[in-house]
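1. Sequence first, predicted model second:
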Amino acid sequence: MSTETLTKTPVPEPAAAPRYVNAPQRGRRSRKASFATHAVLIVASLVALFPIAWLVFLSLGPDKDDYLHPSRILDTATLSNYTYVLGQTNFLKWLGNTLIVSLGTTVIGVLVAATSGYAVSRMRFPGYRKFMWVLLVTQMFPIAVLMVPMYVILSDLGLIDTYAGLIIVYLTTAVPYCAWLMKGYFDTIPLEIDEAGRVDGLSPFGTFFRLILPLARPGLAVAAFYTMITAWSEVAFATTFLLDDQKYTLAVGLQSFISEHDAQRQYMAATAVLIAVPISAVFYLVQKNLVTGLTAGGTKG
């Protein structure tokens, strides 16, 4: 009986692939491009943050002329300006008035804008295109042109020096933009959802409130934030249509620190910082929905 010896032929190993040093990979920027991008972002951030930091810094100065000599503030920094504004002025009253006007404008404005945008997005009634263009045209007129006609209309209606009159004026500014925004966002929601609502026996209003609005939260957040900003920081209309100092909003009350021959800049700076705190908190709460709402609302329409 014989045995055969089997010899294995060695298999050559595959040659290693050549390595390229510093070869840019797809989807990744080079170091120079990344450095340039970060440098630009840092500079842009500093430009955006400097006015805020400067305002907070000036609000710590005890004298109204400290803005002329900023170095003095480092040695005399104090919170007395905030104490004075909160305790010796009508700031809390101004804040309450501003909340009434802002929240009223936000609730009514978002409701009107959402229903208008949904109607134009889903329904084809006569003149629906012209309706949206009319809303757009209203944004082309400057405030100076609208001031006198609005004053005459509000005076005839008995709404001068009232919160309701000021809210109506702010709605004329906020609703057209928000209606366009919501129309674009509703266009991104599939029509099948409306059809499913009708199959389940929902009315058009039931479909809108129970199915569409929950899906449109990012768009509603953007519309609400824009509307609130419009009412929170507006000065020209509030100064013209509010006559009683007990009804002043924050933006109008801020002007009370300026007289014909004097300007209490340290109190103005402290008040401006306090005005920015609530709206900054609102921005923090809705920031997650802002980008989604803006980008989705801009894809169609």
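-> Done, it's in.
2. Around residue 68, how many other residues sit close by?
-> By the measure other C-beta atoms under 10 Å, the count of residues near residue 68 is 9. Glycine gets a C-beta too; all of them are placed from N, C-alpha and C.
3. The one 3 residues further on too?
-> The criterion is other C-beta under 10 Å. On that basis, residue 71 has 7 neighbouring residues.
4. Let's verify it: helix, strand, or coil?
-> Under DSSP: H, G, I helix; E, B strand; the rest coil, the three-state class of residue 71 is helix.
5. ok, it to residue 57 distance?
-> Using C-beta to C-beta, to the nearest Å, residue 71 is found at 11 Å from residue 57.
6. for residue 228, same thing?
-> Distance of residue 228 to residue 57, computed by C-beta to C-beta: 27 Å.
7. More neighbours: which of the two?
-> Shown here are residue 228 and residue 57; by other C-beta under 10 Å, residue 228 has more neighbours (26 against 16).
8. from what I can see the more buried one touches residue 99, true?
-> No: the criterion here is C-beta atoms under 8 Å, and residue 228 misses it with residue 99 at 10.0 Å.
9. Nearest spatial neighbour of residue 272, chain-adjacent residues omitted?
-> Excluding its sequence neighbours, the residue lying closest to residue 272 (C-beta to C-beta, 6 or more residues apart in numbering) is residue 55, at 5.9 Å.
10. per-residue pLDDT, the one you found?
-> What the model reports as pLDDT for residue 55 is 89.
11. Output stretch 213-226 as CSV, nothing but the C-alphas.
-> Output of stretch 213-226 as CSV, limited to C-alpha atoms (Å, rounded to 0.1, in the frame of the first residue of the first chain):
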residue,chain,number,x,y,z
LEU,A,213,-52.2,71.3,13.0
PRO,A,214,-50.4,68.7,15.1
LEU,A,215,-48.2,68.0,12.0
ALA,A,216,-47.6,71.7,11.5
ARG,A,217,-46.0,72.4,14.9
PRO,A,218,-42.7,73.6,13.4
GLY,A,219,-44.4,76.0,11.1
LEU,A,220,-46.7,77.2,13.9
ALA,A,221,-43.6,77.8,16.1
VAL,A,222,-42.0,80.0,13.5
ALA,A,223,-45.2,82.0,12.9
ALA,A,224,-45.8,82.4,16.6
PHE,A,225,-42.2,83.5,17.3
TYR,A,226,-42.2,86.0,14.4
